[in-house]
Structure formats: structure tokens, C-alpha cells
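starting from these lines, generate the structure:
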Amino acid sequence: MKTERIHDIKVQMQKNPMEKSVIQCYVNELLRAKNCEGIKIILNETSPKGHNPTLVTDALLESKNKAARVLCKHYHRLNDEQQKKAIQILGQLQAESAVEFLKVIFSGNDKWLAMDAVPGLQPFVDKDMIPMIFDVIADSDYYRELKIACVALLVDIGPAAVPELIRIVNEKPGVCALHAIQALGEIGDPAATPTLCECLEKSDEYEIPKIAEALGKIKDPEATLPLCNALMSKTPWKDEILVALGRIGNPLATPILITYFNQVIEVLDRNYYMESAFFLLEVMGKMNDVAMIEPLTRVFKYSPGKYRVTALKSLENLRILVGDAPFFISLYELPKSIHQNALSEWFHLEDCQAKSVCQKLLIGERYIIENVDIGNNDLENNALIACLLLPLGFEKESMSDAIMRAEAIKSIILFKEKAYDCLAPWFLNKEIANDISEILEQLEEGTR
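Numbering: from 1, shown residues only. Purely as a prediction, here's the structure:
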């Protein structure tokens with residue numbers, strides 16, 4: 001193509017606005033030209049300062065394989081700014097014809113260009129690229145974003161990468177092993193669990209957080225006991241281990257978690273701030289085991305309010321996991337002062353929305369909520385009935401909701417006789433007698 005024609009196209013492309021079809025014709029004509037000046041015009045027009053950058057980029061995408069070949073061919077004739085733009089466009093094009101060229105850029109000394117090359121490699125990454133990716137990781141000490149991009153490439157390979165990643169974990173300690181562990185966690189293949197559990201036992205302290213995080217993301221129950229053993233060791237990384245156990249949610253961890261809880265509860269009672277305590281209380285609510293109810297309720301005796309709120313939310317999560325009936329039976333079997341402690345605090349959760357009926361059950365001259373007197377309740381079980389009503393949202397306004405009524409009855413029927421006995425004395429209070437009558441009528445209808 002003659003220089004005059006290239007100049008003419010450059011002038012025409014600087015007009016604004018232009019039809020998409022016209023831009024497409026100009027871009028195709030410049031791509032067919034053997035002159036590098038045509039490529040420079042395209043690159044300049046795709047920059048933010050270009051006159052129609054979006055339309056020019058769209059035109060390149062329409063002819064992506066051809067555009068990719070031309071960009072690769074003229075790359076070394078471009079200045080630094082144009083080279084960077086060319087790699088960014090190749091990343092957008094994601095053309096198979098540019099893969100080998102982008103591998104060279106990715107493995108080169110310019111880490112910023114390597115970062116720009118990643119999107120163009122992503123659709124074509126495979127297990128054969130793993131050695132190249134780890135060479136880049138090993139050579140990118142101060143380029144955190146590039147390392148993150150490398151891990152993303154490994155994750156894109158998927159389960160096919162797991163055997164090689166396991167080999168790297170075993171044979172290349174240090175930065176490569178850490179990023180391999182991270183990739184294994186993101187891939188989530190349980191085949192990596194035995195290797196990661198073995199690493200948990202023998203690795204240096206700095207690797208334990210990454211290993212625990214990876215095991216938590218894989219969620220393989222087989223990792224439960226190794227994580228429990230690590231929790232009871234002298235490692236300082238308790239939080240990461242607790243989070244992993246919570247993600248796995250295997251009730252096999254219950255005895256160890258209760259043992260660990262018993263070790264730290266004294267610290268909680270002395271009002272010391274322990275970040276790990278929050279993670280521990282959250283994890284206890286994810287175990288799908290009613291054995292967690294008793295230790296969680298112990299938090300309400302002396303511990304500061306910040307721990308009580310977390311324990312309450314864990315109790316609510318336990319109720320959902322184990323089901324209403326097992327939860328409330330287990331709660332009822334605890335000493336009366338304990339479950340009333342729990343219920344009084346539960347009632348005061350800020351995000352509680354089902355208070356209207358429960359408030360009338362929990363607050364009154366015979367039920368004193370002040371912390372020093374919690375548990376001094378002359379009406380046996382009215383706190384229990386409030387507990388049955390509260391999490392089910394059994395409010396006066398919702399009495400006509402058949403589904404809600406059925407759910408409430410399903411729980412309350414277990415304590416039917418005690419429910420009647422507990423609610424009956426409230427008839428003496430004229431203010432709430434009508435509400436109590438309505439509840440009893442609904443219960444009666446549901447049990448016929």
C-alpha cells in the first residue's frame with residue numbers, strides 16, 4: 001500500500017463520528033498493508049486519545065486471527081508505548097495464532113508486559129504450560145499482581161494440573177510451593193488433600209496459613225482430623241485453621257473444638273480480647289452437632305457482650321443445621337439457668353425481628369432480665385416457649401400464614417402440655433390476654 005493511501009486513511013479515521021462499517025473497511029485495509037505505519041495508526045486509534053477507539057477495537061475483534069498475526073509480525077518495529085498497546089490488544093483478541101508469541105512475552109524480563117499477556121493466554125492454557133508459569137513465579141519476587149495472575153492461569157487448567165502441582169509442592173519448597181498450594185485450594189480437587197495434610201504436619205510455620213486455607217476451600221472431610229491436630233499444636237495460626245474447619249463443617253471436629261473451647265473460655269471470662277475466640281465461636285455453629293449447644297450457652301455467663309453476640313448467631317445457625325426439634329430438645333435438657341441465659345441474650349440481638357409476642361413472654365414482673373438475676377423465673381418454661389416462637393417469627397401479624405403456623409406448631413407440639421401450662425397464667429394480665437388466647441386457639445386448631 002502506498003504511503004499516500006495510508007496517510008489518507010489516517011486522516012479519514014480521525015473524523016468523528018464514523019460508521020462502524022467504514023471503520024471496519026479502513027482497519028482491514030491497514031491490516032493488509034505491509035507497511036508498519038498502518039499498524040501504528042490502528043494502535044493510536046485504539047488508545048483513549050483515539051477518535052473512535054471502541055469501533056476500531058471492535059473491528060480488530062472481527063478479524064482477530066489476522067489482526068493477531070499482523071501485530072506479532074510488526075511488534076519489534078514499534079516503540080515501547082505501542083508495544084504495550086499491542087500486547088494489550090492481543091490479550092483482548094485471545095487469538096490462537098498469537099499464543100506462541102505471547103508465551104515469549106510472558107516469560108520475558110518485562111513483568112508489566114508479561115501481565116498484559118496473561119488474558120491472551122488464558123483460553124489456551126494447559127498443563128504443558130505449568131513449568132513456564134512457575135518459572136515466571138520464581139522470577140517475580142516483587143510483582144504480586146503477576147503472581148496472582150499466574151495462580152489464576154493454573155486454576156484455569158483445572159484438575160489436570162493437580163498431579164504436577166502436587167509434585168511441585170513436594171519438590172520445590174518456598175515460593176513455588178506456596179503458589180502451588182494456593183492453586184490446589186482454588187481448583188478444589190480432593191485428590192490434593194493427602195499431600196496438603198502431610199504438609200500441614202511437616203511444613204514450616206509460614207506455610208501453614210496457605211495450607212489451611214487450601215484445605216478449607218477443598219472442603220474434604222478427610223482433612224478434619226489433621227486440621228484438629230494442628231489446632232491443638234503450638235502453631236500461632238489458629239484463626240486460619242478454625243476458618244478451614246468451619247468451611248468443612250465436619251462434626252468429627254466437635255470433641256476437639258470443645259476441648260479447645262474449654263482451654264480458652266477462662267480467657268474469655270477474664271474479658272481479655274482474643275481474635276481467635278470469634279473464629280472459634282463461629283466454627284462451633286457450623287458443626288451440625290447438638291453437642292455444641294452447651295458450650296455456646298456457657299459464653300453467656302460472664303463473657304463480654306461482643307462474644308455473646310457471636311455465640312448467639314452460632315446458636316441460630318445450629319438451629320438451622322440440626323433442625324428445630326433436636327435443637328430445642330437439647331436446649332431444654334440443659335440446666336434451667338443456662339437456657340434462660342441464652343434466651344435472654346438471644347432476645348436482645350439487634351437484628352431480631354420477631355419480638356412482639358416473645359417480649360410479652362420474656363418481660364414481666366416474674367421474669368427479671370438483668371444479668372445478675374438471669375434465671376430467676378417463677379414461670380417454668382416460659383423462656384423455652386419464647387425460644388420456640390422467636391426464631392420462627394411467630395408474631396401476631398403472621399398468625400394467618402399457614403406455613404409459618406405449621407412450622408411453629410411442629411416445634412411447639414413437642415412441648416404442648418408445658419406450653420399450655422406456661423401460657424395460661426398470663427391470662428391474668430388483661431393487656432396481653434387477647435394475644436395469648438389467640439396463640440392458644442391457633443395451637444389448638446393445629447393439633448386437632
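
residues contacting Ile133?
Neighbouring residues of Ile133 by Cβ atoms under 8 Å, 6 or more residues apart in numbering: Cys150, Leu153, Leu154. (C-beta placed from N, C-alpha, C; glycine too.)

swap that for Lys84, sorry
Neighbouring residues of Lys84 by Cβ under 8 Å, 6+ apart: Trp112, Leu113, Asp116.

among those residues, which ones are buried?
The neighbour count (16 or more other Cβ atoms under 10 Å) marks Leu113, Asp116 as buried among the contacts of Lys84.

which of the contacts of Lys84 fall in helices?
Using DSSP state H, the members of the contacts of Lys84 that fall in helices are Trp112, Leu113, Asp116.

the second one is in contact with Gln83, isn't it?
This means Leu113. Yes - look at Leu113 against Gln83 with Cβ atoms under 8 Å: they come within range, at 7.3 Å.

for this structure, where's the lowest mean pLDDT among helices and strands?
Ranked by mean pLDDT, DSSP states H and E, the weakest helix or strand in the chain is helix 356-362, scoring a mean of 43.

check Lys410 and give its pLDDT.
Here, the pLDDT recorded for Lys410 equals 51.

if we can go back for a sec, now the contacts of Lys84 in TSV, with pLDDT and distance to Asp8?
Output for those, formatted as TSV (pLDDT from 0 to 100; distance: Cβ to Cβ, whole Å):
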residue	pLDDT	distance to Asp8
Trp112	92	35
Leu113	93	33
Asp116	94	32
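
I'd like the ones in helices among the contacts of Lys84 as JSON lines, with distance to Arg167 appended.
Below are the ones in helices among the contacts of Lys84 laid out as JSON lines (distance: Cβ to Cβ, whole Å):
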{"residue": "Trp112", "distance to Arg167": "30"}
{"residue": "Leu113", "distance to Arg167": "29"}
{"residue": "Asp116", "distance to Arg167": "30"}
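
all helices for the stretch 1-150 of the chain, in order.
Here the stretch 1-150 of the chain has its helices, by DSSP state H, counting those that start in this stretch, at 3-13, 20-32, 36-46, 53-62, 64-74, 80-93, 99-106, 111-121, 130-138, 144-157.

mean pLDDT lowest where, among the ones you listed?
Of all the helices of the stretch 1-150 of the chain, mean pLDDT reaches its minimum on helix 3-13 (a mean of 76).

contacts for that one, please.
Around helix 3-13, the neighbours that count as contacts under Cβ under 8 Å, 6+ apart are 18, 22-23, 26, 29-30, 33, 35, 37-38, 41, 45, 51-52, 56.

what residues of it count as buried?
For helix 3-13, by 16+ other Cβ under 10 Å, it's Ile6, Ile9, Lys10, Met13.

try stretch 60-69
By neighbour count on 16+ other Cβ under 10 Å, the buried set for stretch 60-69 is Leu60, Ser63, Lys64, Lys66, Ala67, Ala68, Arg69.

identify the farthest-apart pair in those residues.
Using Cβ to Cβ, the buried residues of stretch 60-69 reach their maximum pairwise distance at Leu60 and Arg69, which is 11.9 Å.

for Ser203, grab phi and psi.
For Ser203, the backbone dihedrals are phi -80, psi 160 (criterion: degrees, to the nearest 10).

ok, it - contacts?
Ile211.

name the residues that touch stretch 241-260?
The contact list for stretch 241-260 (Cβ under 8 Å, 6+ apart) reads 208, 212-213, 215-217, 219-221, 223-225, 227-228, 230-232, 235, 276, 279-280, 282-284, 286-289, 291-292, 295.

Lys64 against Leu90, yeah?
No - the pair Lys64 / Leu90 is not scored as a contact, 9.3 Å apart, by Cβ under 8 Å.

ok so, going back, now the contacts of Ile133 in a markdown table, with distance to Leu252?
Formatted as a markdown table, the contacts of Ile133 follow (distance: Cβ to Cβ, whole Å):
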| residue | distance to Leu252 |
| --- | --- |
| Cys150 | 35 |
| Leu153 | 35 |
| Leu154 | 31 |
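
who wins for neighbours among those residues?
The most neighbours of any of the contacts of Ile133, using other Cβ atoms under 10 Å, belong to Leu154, which has 27 neighbours.

how near is the residue lying closest to that residue once chain neighbours are set aside to Ile157?
Using Cβ to Cβ, 6 or more residues apart in numbering and skipping residues adjacent in sequence, the residue nearest Leu154 is Ala183, 3.9 Å away. The gap separating Ala183 from Ile157 is 9 Å, by Cβ to Cβ, to the nearest Å.

looking at the two, which has the bigger crowd around it?
A side-by-side neighbour count of Ala183 and Ile157, using other Cβ under 10 Å, places Ala183 first with 26 against 20.

hang on, the more buried one packs against Gly158?
No - Ala183 lies out of contact with Gly158 (Cβ under 8 Å); the separation is 10.3 Å.

pLDDT weak spots in the stretch 301-448 of the chain?
Along the stretch 301-448 of the chain, the model assigns pLDDT under 70 to residues 301-305, 324-325, 328-329, 331-332, 335-448.
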